[in-house]
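> Predicted model and sequence below, questions to follow.
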Amino acid sequence: MTGSKFEFIQGNIACAKGAAYAGCSFFGGYPITPSTEIAEYMSEYLPKNGGKFIQMEDEIASLGSIIGAALTGAKTMTSTSGPGFSLMQELIGYACIAEVPVVIVDIMRGGPSTGLPTSPAQSDLLQAKWGTHGDHPTIALVPSSVEEMFTETVRAFNLAEYFRTPVLVLGDEIIGHMREKIRIPDPGEIQIINRTVPDNSGICPLPYASDSGKPACIPNFGKSRFHVTGLNHDITGFPTMDPAIVARENERILAKIYEQREIVDKWEEIECKDADILMLSVGSAARAAEEAVKTLRNKGIKAGLFRPLTLWPFPKDTFVKYAERAKYIIVPEMNLGQLKTVAERFTKRSKIIPVNLVNGEPISPEHIISVTNYLNI
Amino acid sequence: MKYEVRFSGSGGQGIILASVILGTAAAIYENKETVQSQAYGPEARGGASKADVIISDEPVGYPKAREIDAMVCLSQKAAKKYITSLKKGGIVIIDSDFVDIPESKKYKLFKLPMSSTTLDKMGKLIALNIVSLSALVSITKIISHEALEKAITDSVPKGTESFNIEAALIGKTLAETAK
Amino acid sequence: MFDYSKYLRASKLPHIWCPGCGHGIVMKSILRAIDKTGWEKDDIVVVSGIGCASRLPGYVDFNTLHTAHGRALAFATGIKLAKPKMHVIVVSGDGDALAIGGNHFIHACRRNIDITTIVFNNGIYGMTGGQYSPTTPDGDRSSTSPLGNMEPEFDVVKIAEGAGATFTARGTSYHVPQLDNYIHKALMHKGFSVVDVIEACYTTHGRVNKKKYPSNIDMLKFQKDNAIPIEKAKKLSEKELEGKIITGIFCEKERTEFTEKYQKIIDSFSGGEK
């Protein structure tokens, strides 16, 4: 802990500092509440440290610019909120199929449309998974604290680099704007993963050959010439309509993540092992859920919280293990049941009790506890 | 021990900065578990604005104040809106130049002429947030005045440190006279 | 005879373009212009969006990036800013550059970022089968203007200059030596440069306007007959210029280039590139 420093900062600033820690050297963004502080921080930090910041003309261009920059070898990021995230869907698919590592931070707010720009919501949990067209891999991380805004942003860069894929960080207005004390880790304290680059042999490796078991290799523009396209392509990177190759490659970009779950999965479990009431919650709602669990335990009720930090892919095996023995599954979330649909896929519908709030206010522990009053425990 | 503080008023009065300074003092200089958060509307100036600070010995989960121990109200609208969230026996500090609420057994009311005093002693109203913050610290003793001064120095624009430290002294004196 | 093999990915040929299409003519013109610059192939990035012209990057042996419809300039901006030593060339159709990509186009002009954009302007959405575009001539029929195009057309050069581009030129796929010259000058220009290349698409545009363009040769002849050099055009009235293609270099000026300015700011903090 030598030289390390405690800071009392906003979640959005912790996110920006996490990006800096991970080695982000390029940021393209467009102003949008409640994410703008991230862009503001990067606009000063990057040029002062040899990096580049650009405010693009919209969110599509923002994501386009960071994909382009990433192909030159830079670690890149953008940040946005619901309406901008909707616009970005187009190029999220591009980054998936062209296998370009980028980090996209979505500080969620109320919706649909302009909705409640200054209020919290968890409106994009499913858009993160299904927003862009076509089957594509999704990695989405959901921090619950200012410290996690830092650490999960670092992890997002690590996963993006490792898998050559876009990684989403889903914050919300509460986590983005609240302040907590965090210690910025010393350099080297958190492992930083970097893509591998071709050696100096002058031979461009097949840019879309699979690299299982080690960080992906990406040639950089300016070192070796190769082709990148959003069309289905073969392992040389050029378009193909060969059904066998198209099927194989479409499956590979999913499989590279789903077959290495041990690298991507992360969750927190609080008192889950003997829980009669199991809560499934993420982000800021999970903070209320955790308090509710403590209160219920003090009353002698066996409650527990399962909190995925990697929401996508969903850590279903562990969830199912606890969900099967629990009598009730309570799903508190600031939307009208997005996470609930996930729970429904993996456990009995009749056990699930949704707790939803979409009025711009956070869900309180009391609200969650009030639901348990009617349960037969 | 868990202590919930709410600053309330309208946009532009600096209540978010006041809450950040209190949070910084508690978290960094008194090593407490602290969460600061705010709620605001589209207006940068005017409108209703509130900021919460929760200071505790235990990690703080839910970040919003629910049973408020102490509250600063710089606008009548805010006072009316948030008084019901006050804990029984909680502390309310109002800017008596602009806010008026009845005395009650439910809470301890401090009526401080903060605007007029700030204007009088500092020549400008801009330090009202620091004056009210310092008054709150002095009345509640939730953190030390020294920690407050250090956090002020960390948080205010460069070159305005001594001005704001002076404002903190005014708030302290105002609170001590009121007791 | 110019040896194109140095710049072509032979294994990716033949290209997808139809007989009579101008894209091949313009691609060769670009390759000759690039050759004249003496740049290393590794230092060149060719970026495109979606459309017939946007398939060009697949055929040329540079760093090549085929992006999404309209977004080439957004990607290209990221590449150029992240790695200013790269020579960035955007190839784009008229619909790609001016309709779906119009906002990116004007903002790239405004930034005066050192990118050369070649607009393959055949006045039609060719790849989707011939719908009217922002540059389809007034009255021309297309699959979505069966009664004749009712919308007025964009003037690419005027938009570019108005938005801040510091080099603009217009050529045609008929006047090839002139086109080589415009593209070469655009590549060498420091700042955002635009070359509007008037082309023809007989397959989807000519065939449904037989009276105006009886054959694909007539479409090239149309360019020959209607092109007027800018110097000559200056002496003619607006009425005399109606329906004409004004060719030449329209603007060539110096203005601070975006990535250079950015680097100066960085250097003022670090004393050099990191």
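The structure has been received and is ready for your questions.
> Setting aside sequence neighbours, what's the nearest residue to residue 108?
In the absence of a named chain, chain A is used. A:Asp172 (4.3 Å; Cβ to Cβ, 6 or more residues apart in numbering or on different chains). Placement of C-beta: from N, CA and C, glycine included.
> Switch to chain C, please.
C:Leu73 (4.6 Å).
> Going along the chain from the host helix or strand of the one you found, find the next helix or strand for me.
Assigned by DSSP states H and E, C:Leu73 falls within helix C:72-82. Once helix C:72-82 ends, the next helix or strand along the chain (criterion: DSSP H and E) is strand C:87-93.
> Run a quick neighbour tally on the closest residue to chain C within chain B.
Closest approach between chain B and chain C, counting by Cβ to the nearest Cβ: B:Lys158, at 18.5 Å. For B:Lys158, the count of nearby residues is 6 (other Cβ atoms under 10 Å in any protein chain shown).
> Go ahead and list the helix or strand containing it.
Going by DSSP H and E, B:Lys158 is not in any helix or strand.
> Helix, strand, or coil at the closest residue to chain B within the stretch 251-377 of chain A?
Residue of the stretch 251-377 of chain A nearest chain B, by Cβ to the nearest Cβ: A:Glu291 (4.0 Å). Secondary structure state of A:Glu291, per DSSP: H, G, I helix; E, B strand; the rest coil, is helix.
> residue contacts, it?
Contacts for A:Glu291 (Cβ atoms under 8 Å, 6 or more residues apart in numbering or on different chains) come out as A:Pro365, B:Gly61, B:Tyr62.
> Check the gap between the second one and chain A for me.
According to Cβ to the nearest Cβ, to the nearest Å, B:Gly61 and chain A sit 4 Å apart.
> Show me where the chain dips below the pLDDT cut-off.
Just going to use chain A. A:1-4, A:200-204, A:211-212 (pLDDT under 70).
> right idea, wrong chain: chain C
C:271-274.
> In it, spot the helix with the most residues.
Across chain C, the helix with the greatest residue count (assigned by DSSP state H) is helix C:23-37.
> who's in contact with the one residue sitting closest to the centre of chain B?
The centroid of chain B falls nearest to B:Leu133 when counting by Cα atoms, centre = their mean (3.9 Å). Residues in contact with B:Leu133, defined by Cβ under 8 Å, 6+ apart, are B:Phe7, B:Ala18, B:Ile21, B:Leu22, B:Val72, B:Leu148, B:Ala168, B:Gly171.
> and it, what helix or strand is that in?
helix B:128-140.
> ok, which stretches of chain B are helices?
So, for chain B - with DSSP H - the helices run B:15-24, B:76-82, B:114-122, B:128-140, B:145-155, B:161-178.
> what's the spacing between the residue of the stretch 251-377 of chain A closest to chain B and B:Ile126?
38 Å (Cβ to Cβ, to the nearest Å).
> Also A:Arg297?
For A:Arg297 relative to B:Ile126 (Cβ to Cβ), the value is 48 Å.
> what's the burial count for A:Gly23?
Residues lying near A:Gly23 (other Cβ under 10 Å) number 15.
> That one against A:Lys75, yeah?
Yes - taking Cβ atoms under 8 Å as the definition, A:Gly23 is a contact partner of A:Lys75 at 5.0 Å.
> Mutual contacts of these two, please.
In contact with both A:Gly23 and A:Lys75: A:Phe157, A:Asn194, using Cβ under 8 Å, 6+ apart.
> re the thing from before, what distance do you get for the residue nearest to the centre of chain B to B:Ala168?
7 Å.
> and the nearest residue to A:Pro215 once chain neighbours are set aside, what is it in contact with?
Closest residue in space to A:Pro215, ignoring its immediate chain neighbours: A:Tyr162 at 4.8 Å, by Cβ to Cβ, 6+ apart. By Cβ under 8 Å, 6+ apart, the contact set of A:Tyr162 is A:Ile193, A:Arg195, A:Pro215, A:Ala216, A:Ile263.
> Please write out the alpha-carbon positions of whatever helix or strand A:Tyr162 lives in in CSV.
Element membership for A:Tyr162 (DSSP H and E) is helix A:146-163. Taking C-alpha atoms only, helix A:146-163 is exported to CSV below (Å, rounded to 0.1, in the frame of the first residue of the first chain):
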residue,chain,number,x,y,z
VAL,A,146,-17.7,3.5,-6.3
GLU,A,147,-14.8,1.1,-5.7
GLU,A,148,-16.4,-1.4,-8.1
MET,A,149,-16.8,1.4,-10.7
PHE,A,150,-13.0,1.4,-10.6
THR,A,151,-12.2,-2.3,-10.4
GLU,A,152,-14.9,-3.4,-12.9
THR,A,153,-13.8,-0.8,-15.4
VAL,A,154,-10.3,-2.3,-15.1
ARG,A,155,-11.8,-5.8,-15.5
ALA,A,156,-13.8,-4.6,-18.5
PHE,A,157,-10.6,-3.6,-20.3
ASN,A,158,-8.9,-6.9,-19.3
LEU,A,159,-11.8,-8.9,-20.7
ALA,A,160,-12.0,-6.8,-23.9
GLU,A,161,-8.4,-7.3,-24.5
TYR,A,162,-8.4,-11.0,-23.7
PHE,A,163,-11.4,-11.9,-25.8
